[in-house]
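Novice: give me coordinates for this.
(chains A and B)
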Amino acid sequence: MAKIRRIVLDVLKPHQPNVVDFATSLAELADRCHVKIIVTEVDKKTENIILELTGDDVLFQMINEEIKKMGASVHSIDEVEVEGRATDEG
Amino acid sequence: MINMNNSDIGSQLRQAHGITRRYLVTNGFDGALTMLGLMVGFETAGQGVDLAVAINACLGAAVALLASGLSSAYLSEAAERQKELHDLEAALLRDLTDSHQGRASRAIPILVALVNGLSPFCISLIIMTPLWLADRGLINLPVSPFLAGMAIALGLIFLLGIFLGRISKTFWLWMGLRTLIIGLVTVAVIVVSQGVV
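Specialist: Now for the predicted structure:
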């Protein structure tokens, strides 16, 4: 089964939770999941972030659910890197 | 590992800590002064006040404070939280019902209402303790149970002042004395007004 190694999302989130807590919550969803957030725009009640998740198997559905629980929403999937299953030889 | 994660509903509730503390003191003070007023009224009315009547009157006031505290805080806090949530939903262009923010906006008014209602109720019950004990014949007080109730009420008012002093990080004794003076002035005003009437 193909696994997502890296995905870049454009996310609109409220100020709370802040980016540190937001990133920590997402990083805790999977082992060795690297989360990088860049804040691109700050509004009165919201902020736009570029969320980059890297790992052995980034579970997009689970990530999306957690993002929704924290009151944020995914605007677009900007980049994705997927690796297919290795085929058995011989 | 120290968990500093502030994104779950528990942390949203912890953020309401300041509000609940404010309600605890505000309505606790209300309850203590109301009971103090009743005790002063019963004490200055002379020997004719039956303890059972006084207990019923105090209990009625305590339940009214409980109902008032629960309903007023819940209604006002729920309205404020709903407005905040709707504003946030408008900014995010999405429904937040199932988010941590949505759950917190429903849970916080209940928490605040419980604190706002139970603080004057519990304080009232504590102040009424000498009346109950005397009525059941469980204790022989050297003073009238109303005077004992007044002393407990003033003691609790002093403690609320100390609590405020600790919150504001000012000298606790000064804050305690300030609230105690408010209690004593209340007693004086009631006594004087009864003399006038």
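Novice: what's the closest non-adjacent residue to the most centrally placed residue in chain B?
Specialist: For chain B, the residue nearest the mean C-alpha position is residue B:28 (2.0 Å; CA atoms, centre = their mean). Leaving aside its sequence neighbours, residue B:28 sits nearest to residue B:119 (CB to CB, 6 or more residues apart in numbering or on different chains; 4.1 Å). The way it works is simple: take the backbone N, C-alpha and C, and place the C-beta from them, glycine included.
Novice: what residues does that neighbour make contact with?
Specialist: B:23-25, B:27-28, B:31, B:69 (CB atoms under 8 Å, 6 or more residues apart in numbering or on different chains).
Novice: pLDDT at it, what is it?
Specialist: pLDDT for residue B:119: 96.
Novice: now it: how far from chain A?
Specialist: Look at residue B:119 and chain A: by CB to the nearest CB, to the nearest Å, they are 27 Å apart.
Novice: check which helix or strand that residue maps to.
Specialist: helix B:100-135 (DSSP states H and E).
Novice: can you name the next helix or strand after that helix?
Specialist: helix B:145-168.
Novice: what comes into contact with the very next helix or strand once past that following helix?
Specialist: Later in the chain than helix B:145-168, the nearest helix or strand by DSSP H and E is helix B:172-196. Helix B:172-196 is contacted from outside by B:29, B:32-33, B:36-37, B:40-41, B:44, B:150, B:153-154, B:157-162, B:164-166, B:168, using CB under 8 Å, 6+ apart.
Novice: ok, of the residues you listed, which come out buried?
Specialist: The neighbour count (16 or more other CB atoms under 10 Å in any protein chain shown) marks B:29, B:32-33, B:36-37, B:40-41, B:150, B:153-154, B:157-162, B:164-165 as buried among the contacts of helix B:172-196.
Novice: out of those, who's near chain A?
Specialist: When CB under 8 Å from any CB of the partner chain is taken as the criterion, no member of these contacts chain A.
Novice: separation between the residue nearest to residue B:28 and residue B:167?
Specialist: Computed as CB to CB, to the nearest Å, the residue B:119 to residue B:167 distance reads 15 Å.
Novice: give me phi/psi at the closest residue to chain B within chain A?
Specialist: In chain A, the residue that lies nearest chain B is residue A:17 (3.6 Å; CB to the nearest CB). Per-residue torsions, residue A:17: phi -70, psi 150 (degrees, to the nearest 10).
Novice: over to residue A:29?
Specialist: Backbone torsions for residue A:29, taken as degrees, to the nearest 10, come to phi -70, psi -30.
Novice: who's in contact with it?
Specialist: By CB under 8 Å, 6+ apart, residue A:29 lies in contact with A:59, A:62-63, A:66.
Novice: need these in a markdown table (columns: secondary structure, distance to chain B and neighbour count).
Specialist: As requested, these are arranged in a markdown table below (DSSP: H, G, I helix; E, B strand; the rest coil; distance: CB to the nearest CB, whole Å; neighbours: other CB atoms under 10 Å in any protein chain shown):
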| residue | secondary structure | distance to chain B | neighbour count |
| --- | --- | --- | --- |
| A:59 | coil | 18 | 16 |
| A:62 | helix | 15 | 12 |
| A:63 | helix | 14 | 21 |
| A:66 | helix | 9 | 17 |
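Novice: what would these look like in JSON lines with pLDDT?
Specialist: Listed next are the contacts of residue A:29 as JSON lines, based on pLDDT from 0 to 100:
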{"residue": "A:59", "pLDDT": "92"}
{"residue": "A:62", "pLDDT": "93"}
{"residue": "A:63", "pLDDT": "94"}
{"residue": "A:66", "pLDDT": "95"}
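Novice: now do stretch B:52-59: everything it contacts.
Specialist: Residues contacting stretch B:52-59 (CB under 8 Å, 6+ apart): B:35, B:38, B:42, B:124, B:127-128, B:131-132, B:135, B:146.
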